[in-house]
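A.B. asks: Pasted the sequence and its predicted model underneath.
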Amino acid sequence: MTLFLRIGPWAHGECRNGGFPDWLVHYPGIQLRSTQPLYIGFVKLLYQQIAQQLDGLYWHQGGPVIGMQVENECGCQYTYMQMLKQIAIDAGVNIPFFSKTAWPAEPQPYGMLLQFTGGYADGFWGSDIGPIKSFSSSFLFALPGFPGYPPMTVETGGGMTVAYHRRIRMHPNDLLAIATVTVGSGNNGIGYYIYRGGTNPDGALSTLEESQITHYPNDLEVKNYDFFAPISQYGDLHPHYHLLRRLHLFLDTYPEYITTVAPDMPVNLPSSGEDLTTLRWSVRSNGTSGLIFVNNYQRNWNMSNTTSMLGDKALVRLSVMSDAPGAPLVMVPYTYSPAVNISAGEIAIWPYSFPVVPGMTLRYSTCQIVTSLTSYNAEKNSIVVFASTLSEGCEIAVSLIGSLVPMDCNAKCSIEGGDTLYIRAIPSNITVPQELASFIASPLGNKISFVVLSDGASTGLWKAHIGDSPHLFLSSPFGAMTSLLLDGDSGNDHFFRLRSDATNPTLSIFPAPAVLSLDGTALPAVPNGMFSAYSIPMAVNTQRLVQVSYTLVQPAGPARKVPIGPAGVAQAPNEAGLFDSADQSWDAAAIWNVTVRNLGVPAGVRNSLRIRYYGDCARIYLNGSIVQDSFFNGDLEWGLLLGVNRHAPAIFDLGFQLRILPLSKNAPIYLAGWPDFGPADSIVRLLGIDVLQTADAVLQATA
C-alpha cells in the first residue's frame, strides 16, 4: 500500500487547534499559518522531525510514501504554501508528489502543488439544526474542476462524525452514492476521509477534540472519532465497508477503464441538487467502449422513480454517441429489450461495448460487473461475476461478432439482430453462484462463464491468489460481521482468516484449491453452483465468552438547559482543561457500574460492547479516565461501541462506569432520530448492552 501523508503544520482532523499545541497558539506575537519568520522557524523544526522519522520509508528507498499534503483547507497566499513545500524538501523529504486541498480555491503557479478535491454526503459543521440542502450537490455528476491536474480526491466522505449541535446518522448508501459519483465524475483516485475510525489520544493538560472553547465552530466528542468510517475505531466493519469494497474490486479489475478514460456528461443535466426527477448519470468512455454511472440516490430526499430522456415515466433508455468515425449509436438497453425502471435509491454502473475478458465484448449490461478471472486454469478459461443491483432485475447483451459461440444458458436467452445474445429477466435475489451462461471463444477454444449474484450476496465476494493462481471467494452469511483477511503466501500455500460472528459460516471458492484445511485438518467441499463450498466450524461462537451486568448507582438529575456557545450553536458539557472553563453538567448524569466478566476468551476472538441508550450524551470511564463517549444520534443499531480487546485486561479487572446525561425534548440541536419522550420533558434510559463477538478461523489453502 502506498501512502500520501498529511504533514500540516495545521492538519485539522477535528483535533484541538487543528494540531497546533496550545503553547504555540498563545505564543507572544505569533502569526500562525503565515510566512512570519517566527512561525516558520517552528515549522522547520516540525518538518525536520517528520523527514527524519520517514527516512527509509520514501518511495525511492523502496518504502510506501509517495506524496505529502501540506497544510489543510488553507485560504493562504501561494507564497506560504510554496514555502512549506520548500521547507519539506530542504528538511530531506524526497517524494514524487506534493499536494494541497483544492478548497478554498486560491491561485497558484501551475504545477506547484497537486490540487485534490472532495465531497461529503452530509456534514456536522454549520449552524443549521436541520437537514442541510447544500450537500445535495455531492450526489450530482460533474466534470473535474481543475484542468491540467490529475483528478483525484483527498476527502471523499467515507462516513461522517457528529457535533454536539448536529447529530448526523449516516446510511450505507450515502457513502456508496458519493463514491460512485466521485468515480463517474472522472476522478482516478478516491481518497476517503476517513476509512478507519480512530480514538483521540489523551492530552497531558487538556482534552484534544475540536471545541467552541478553542475558537472552533463545533463541539466534538472527546474520545470518539469513529466517524462511521467503513472500518470502525475498534476494527469492526460498518455495512458500507462491503459496498465500497465491491466498487474497489471492480476498479482493481479494470483499472484501464478508469485511469485512462475521461468523463462525459449527458445533454440533460439536473438543474440542481433539488431536481429529483432528471436522471443523474455520466459516461466514462475511451471513444468506443465505456461505463455508464447511474445514481438515483440522495440523502435526506425521497428520489422519484426516474423520468427518462424519452419522457416515459419511470423508464430509462440511455443513448451514447461514440467518438469513433462511423460507430453506431449505443442504446442501453437496446430497442429489442424493454426500458429499465430505476427505482428510487438505486445506484449502478453499466458497461457498454466493453471487452470484459479476452475474446468477449459486452454490448451492454444492466447487471453490474463485480470482477472477473481470466486464464484461471490450463485451458485459459475465464469467469465474469455480475451483481443484480436493480430491484426489477437486470439483463446482459453479448456481442457474437467474431468467433464467440454460446454454449449453455440457464436463463431467458435469445439471439436477436443476428449478432447479439440477450440474457434477460435475471432476478435480483440470486445467492447461489451458479453458471448463468457459458461461451466458447475461438481460436483457443477457451470457455467463458457468467455468474450473477444478488446485490447483497455480491458484497461477500473477494478475490485473491493461492500461490500464483487467482481465485474467487464468497463468504456467507454476507454482512458487516463476516470478512476475509488475507495474510499472505508461503510457497504454494495461502494463509487467510475468515472472521465471522456465525457458528458455521461458509466459504465458497472458485476454482477449488487442492486442499483447504483448518488447524491441519482438510475440510470437505460440497458444490455451490460453480464454486466449492466449505463449512467453517466456529464452535467458539455458540456462546458469548464475555458476560456483562450493570447496576444503576445514581439516577439522573434534571436535564441541563443547553447553552449557546461562542460559535452561536448548542454547547456540549465540557471537561476541565488548559484554557477551558469546566461546568458541572455531568453531575446530573445517570451512572451505572458495569461489570465485564471474561468467561475464557481465547486468542483470535474479538469482542466489542454495543451500548444502546436514550440520552443527550454518554461517557465511559475506566479506572477514572474517559475512554469512550458519544453524542446520541438516534442510532440504536450501532449505539455506543466499546472495544473489549483494546481495554483488556483492565476492563475485566475493574469494569467501567457509564454516565448518561438526560436529553431535553427542547434541546436546540439537530437529531436524526428523536426518541419518544411520552409526557416527560426529558429522557435518559439504558436500553441494553450487547456483546458483539467475532472469531477468526485461520485457513490454509494449497494450490
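C.D. replies: All right, it came through fine.
A.B. asks: helix, strand or coil for the residue lying farthest from the centre of the chain?
C.D. replies: Note on the chain: the largest C-alpha distance from the chain mean falls to Gly418, namely 43.3 Å (Cα atoms, centre = their mean). Classification of Gly418 by DSSP: H, G, I helix; E, B strand; the rest coil places it in coil.
A.B. asks: From Arg544, how far out is it?
C.D. replies: Applying Cβ to Cβ, to the nearest Å, the value for Gly418 to Arg544 is 62 Å. Backbone N, C-alpha and C define where each C-beta goes, glycine included.
A.B. asks: Equivalent analysis for Val451, please.
C.D. replies: Val451 is 36 Å from Arg544, by Cβ to Cβ.
A.B. asks: okay, those two: which has more neighbours?
C.D. replies: Val451 (25 against 14; other Cβ atoms under 10 Å).
A.B. asks: Provide a list of residues in contact with that one.
C.D. replies: If a contact means Cβ atoms under 8 Å, 6 or more residues apart in numbering, then Val451 has 383-386, 433-436, 529-530 as its contacts.
A.B. asks: Could you do Gly92 as well?
C.D. replies: 48, 51-52, 55.
A.B. asks: let's see it at 10 Å
C.D. replies: Contact analysis of Gly92 by Cβ atoms under 10 Å, 6 or more residues apart in numbering lists 47-48, 50-52, 54-55, 58.
A.B. asks: buried ones in stretch 684-693?
C.D. replies: 684, 686, 689, 692-693 (16 or more other Cβ atoms under 10 Å).
A.B. asks: Relative to the whole chain's centre, how far out is it?
C.D. replies: In terms of Cα atoms, centre = their mean, to the nearest Å, the centre of stretch 684-693 is found 26 Å from the chain centre.
A.B. asks: for the stretch 151-300 of the chain, what spans make up the helices?
C.D. replies: 172-184, 240-253, 256-259 (DSSP state H, counting those that start in this stretch).
A.B. asks: okay, these, which one's buried deepest?
C.D. replies: Highest mean neighbour count among the helices of the stretch 151-300 of the chain (mean count of other Cβ atoms under 10 Å): helix 172-184, with a mean of 24.
A.B. asks: just checking, Glu71 touches Trp103?
C.D. replies: No: shown here, Glu71 and Trp103 do not form a contact pair, counting by Cβ atoms under 10 Å, at 11.8 Å.
A.B. asks: Mind picking the one among the buried residues of stretch 684-693 that's closest to Ser428?
C.D. replies: When those are ranked by distance to Ser428 (Cβ to Cβ), Leu692 comes first, at 29.4 Å.
A.B. asks: So what are the sheet partners of the worst-scoring helix or strand of the chain on mean pLDDT and their directions?
C.D. replies: Lowest by mean pLDDT, DSSP states H and E among the helices and strands of the chain is strand 483-490, with a mean of 78. Using DSSP bridges, strand 483-490 pairs in its sheet with strand 493-500 (antiparallel).
A.B. asks: how about the partner strand: buried residues?
C.D. replies: 493-494, 496-500.
A.B. asks: Next, count neighbours for Thr117.
C.D. replies: Other residues close to Thr117 by other Cβ under 10 Å number 21.
A.B. asks: Just checking: what are the partner strands of the helix or strand where it lies?
C.D. replies: For Thr117, the element it lies in under DSSP states H and E is strand 114-119. Using DSSP bridges, the strands paired with strand 114-119 are strand 97-101 (parallel), strand 153-157 (parallel).
A.B. asks: which one of those is the most hemmed in?
C.D. replies: Buried most deeply of the strands paired with strand 114-119, by mean count of other Cβ under 10 Å, is strand 153-157, with a mean of 24.
A.B. asks: model confidence over it, on average?
C.D. replies: When pLDDT is averaged over strand 153-157, the result is 96.
A.B. asks: Surely Ile40 touches Thr79?
C.D. replies: No: using Cβ under 10 Å, Ile40 is not in contact with Thr79; the gap is 11.4 Å.
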